[in-house]
Every structure is written in structure tokens, then in C-alpha cells.
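>>> Using only what follows, build the 3D model:
(2 chains)
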Amino acid sequence: MFFHIVLERNMQLHPRHFGRNLREHIISKLMKDVEGTCSGRHGFVVAITSVENIGKGLIRDGTGFVTFPVKYQCVVFRPFKGEILEAVVSMVNKMGFFAEAGPVQIFVSNHLIPDDMEFQSGDMPNYTTSDGSVKIQKDSEVRLKIIGTRVDATEIDKNISQSRPKWDPAGSHPSRFFCIGTIKDDFLGVINDPTTI
Amino acid sequence: MSGEEEENAAELKIGDEFLKAKCLMNCEVAIILHHKYEQLQQTSDDPMNQVSQVFEKSLQYVKRFSRYKNPDAVRQVREYPSSLWKYQLAEFELCVLGNLCPETVEEAIAMVPSIKTRGRAHDDEAIEKMLNDLSLIKKFE
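Now for the predicted structure:
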């Protein structure tokens, strides 16, 4: 689910940036450092929408860098266990399928796919009902329920964000959300909505 | 991750921070991200290079899964609970309904079990009326 929340961060700036454009520097560094990152608590930071407040800078002992506390508003995507949402299938194999909902990847194991759907291998691997009426394959849209979430502290992964910062001692560990889901409950599964434009 | 075990969106256990936060439907996120993308287009030749993969994937996702395309309709859905609904829906619940657009009461309760379980006296008739109103907004958008 997407949320619009207020977050705070301490931005460290080298004195070379002090001057007329100090505020722009802080904001642009904030965007570079934060957009595209993920934390266990807030999920993925999708976009910063505004900067509410930049506090007074404090000179750090021994280094000359200055720390500014910045309060900003942003859109985040945070998946919750028990949440039902729609996703696009990205890969199908005999263990189950992977689907993507925005920045998060969800795995649905074959144990949590209805029993009347069988895996079919081939050029376009898929799960199909015995009468062929319902098929799940790459790019299918499915409605699923998240039954578990996990956050991994991980190496910087190019797949998640291309605008990743260099290691920032004041920042959080880079991390990713993984989810597992089910389509076995009522009203879950392939979306066949003729009214969707 | 000590709080994770207790989290359960089906019971609206999503933590105080998110219960109080502003929840956004896909159609609302689409408006916000589009706006940001247009701003980037004005200041750079290649906006796609400026945004993270998270932004790109999110934008593609909300464009694909927005139920309401017209900003007026989006606003009507957002303002629905305060004007017509006797019992307060949590923002999270409203957004799930706005994203999934269930057609029957049974489906709505399956999508947002917390409507029924949090001890509020939402009866089936009231839920059905709400679903009808939301789908009217979509019909006439």
C-alpha cells in the first residue's frame, strides 16, 4: 500500500557547498540519497514530494562537516502481511510464480495456487485450470494476498535502484522487501475484469 | 523486526504510524508521480535517467492498476467517508476498496475483513450502498 508520510534525516554536507545554493544542495543530496531506498519500517521510498523544514546545521567535531536535520514528505510503498493487492506476473516455474506490485516482488508457491491449476512448461510456462479457462503466465494480472514479509539487509542491488548513494555512514543499511503470497482464498487469482480500461 | 509478527492488515494491525498516516490509492499516486515526472521533464532532457527503478516501477504499476482515471472522481472517492458514511472507515480500508473495487458485499468483506471484525456495526446493507456509490462514481467519471 502506498502512503504519504513525513520522515526525518540528518544530511551531512561538506563546507564547499555553503553559499547561496546551500538549500538546493541539501535537497538534491537528499533526493539522491533517499529516493529508491528501502527500509524495514517504512518500505520503499518512491518519491520525495516536498521538504518541510531544514534545521540549523551543527558542525561535527573533528571533521568540519555540518549536519542538517531535514524533515520531508514522501510517497512510500509498504507491503503488509494480510494485505490484498493486484500484481503483474513476472516469472512462472514449477515451484510457483513471481509477481511484482510496484517495487516489491512477491512469490506465490505452487502450494498456494488452487489445486485445480496445473503447471505447464514450454515457451510460455503457465498454470492453467483443467478446462483451460483460467491461465496464469508472464504479464498476467493477479490479485493475491500477502501472507509474509521479510526485509533483507543486502548488498547494493542494481535491480532495485540505479541512483544508489555511495556508502553513507549516517544513513540506513540498504535493504529490500520480499513477500510471499497466496491466491488460494476466495476472490483471489487472475483478474478478468472486462470493465478495466 | 519485533513488530512484524503482530502485523496483520486483515485486522488493521499495521502500526500506529501507518494507521495515522495518509494512505494513498493507486490513482492518487499516479497523479503525484506523473506530476513529479513532468517537473523533471522541464529541468532535464532525460528524466528517465534521473529517477530510481523504484520510481519507474511504481509509476508503471499505478498507471496500470488505477481504477479511477479522472481526478474529480478520485477526489469524490477520497471524500466519500466523511460525507455519506456514518461510521468512519480507516484510510487504509478505503484505499483497499478504492484499489480493488469489489462488486459484492461478500467480496468487499473478503478484501477488507476488518470492516466486519473491528466491532463496528457495519451491516451488509450499508456496505452494499457504499459499493454502489463507489461504482457510480466510476461509471460517471
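>>> after the helix-or-strand element of chain A with minimal mean pLDDT, next one along is what?
Using mean pLDDT, DSSP states H and E, strand A:175-182 stands out as the lowest-scoring helix or strand of chain A, at a mean of 89. Once the chain leaves strand A:175-182, the next helix or strand it forms, by DSSP states H and E, is strand A:189-190.
>>> what about the one residue in chain A that gets nearest to chain B, distance to A:Leu144?
Distances between chain A and chain B by Cβ to the nearest Cβ are smallest at A:Gly36, namely 2.7 Å. Bear in mind the C-beta positions are built from the backbone N, C-alpha and C, glycine included. For A:Gly36, the distance to A:Leu144 (Cβ to Cβ, to the nearest Å) stands at 24 Å.
>>> Next: B:Leu97.
According to Cβ to Cβ, B:Leu97 stands 17 Å off from A:Leu144.
>>> Give me the more crowded residue out of those two.
More neighbours surround A:Leu144 than the other of B:Leu97 and A:Leu144, with 26 against 23 (other Cβ atoms under 10 Å in any protein chain shown).
>>> Hmm, A:Val88 and that one touching each other?
No: using Cβ atoms under 8 Å, A:Leu144 is not in contact with A:Val88, being 10.9 Å away.
>>> Identify the contacts common to these two.
Taking Cβ atoms under 8 Å, 6 or more residues apart in numbering or on different chains as the contact rule, A:Leu144 and A:Val88 both touch A:Ala99.
>>> Could you pick out the longest helix of chain B?
Taking DSSP state H as the criterion, chain B has its longest helix at helix B:26-43.
>>> Now do the buried residues in that one.
B:26-30, B:32-33, B:36-37, B:40 (16 or more other Cβ atoms under 10 Å in any protein chain shown).
>>> close to chain A, is it?
Yes: applying Cβ under 8 Å from any Cβ of the partner chain, one finds helix B:26-43 touching chain A at B:26, B:28-29, B:32-33, B:36.
>>> what's the domain layout of chain A?
Per automatic domain parsing, the domain ranges recorded for chain A read A:2-77, A:84-196.
>>> So for the nearest residue to A:Lys135 once chain neighbours are set aside, what pLDDT did the model give?
Leaving aside its sequence neighbours, A:Lys135 sits nearest to A:Thr128 (Cβ to Cβ, 6 or more residues apart in numbering or on different chains; 4.7 Å). If you check A:Thr128, the pLDDT there is 95.
>>> Repeat that for the one 3 residues further on.
What the model reports for A:Asp131 is a pLDDT of 92.
>>> Give the helix, strand or coil label for it.
Recorded secondary structure, A:Asp131: coil (DSSP: H, G, I helix; E, B strand; the rest coil).
>>> how much space between it and A:Gly189?
Taken as Cβ to Cβ, the span from A:Asp131 to A:Gly189 is 15 Å.
>>> which one of the two has more residues nearby?
A:Gly189 (20 against 7).
>>> Serialize the residues of helix B:26-43 next to chain A to CSV and add fields for pLDDT.
Below are those laid out as CSV (pLDDT from 0 to 100):
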residue, pLDDT
B:Asn26, 96
B:Glu28, 95
B:Val29, 96
B:Ile32, 95
B:Leu33, 95
B:Lys36, 92
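>>> Tell me what the nearest residue to A:Leu112 once chain neighbours are set aside is bridged to.
Take A:Leu112 and drop its neighbours on the chain: the residue closest to it by Cβ to Cβ, 6+ apart is A:Thr182, 3.8 Å away. Beta-bridge partners for A:Thr182, by DSSP bridges, are A:Lys145.
>>> Can you give me the pLDDT of whatever residue of chain B ends up closest to chain A?
Closest residue of chain B to chain A, Cβ to the nearest Cβ: B:Ser52 (2.7 Å). Looking at B:Ser52, its pLDDT reads 88.
>>> okay but it is in contact with A:Asp33, surely?
No: if you go by Cβ under 8 Å, B:Ser52 and A:Asp33 don't touch, sitting 11.1 Å apart.
>>> the more surrounded of these two?
For B:Ser52 versus A:Asp33, neighbours defined as other Cβ under 10 Å are more numerous around B:Ser52 (24 against 20).
>>> Not counting sequence-adjacent ones, nearest residue to the residue of chain A closest to chain B?
Distance criterion Cβ to Cβ, 6+ apart; nearest residue to A:Gly36, sequence neighbours excluded, is B:Ser52 at 2.7 Å.
>>> quick revisit: please verify my assumption that the residue of chain A closest to chain B contacts B:Ser58.
No: at 10.0 Å, A:Gly36 does not count as touching B:Ser58 under the criterion of Cβ under 8 Å.
>>> can you give me the helices for chain A?
Under DSSP H, chain A gives helices at A:22-34.
>>> Where does the prediction get shaky in it?
Within chain A, the ranges that satisfy pLDDT under 70 run A:153-175, A:192-197.
>>> For chain B, tell me whether stretch A:74-93 is touching it.
Yes: Stretch A:74-93 lies within reach of chain B by Cβ under 8 Å from any Cβ, at A:75, A:77-78, A:80-86, A:88.
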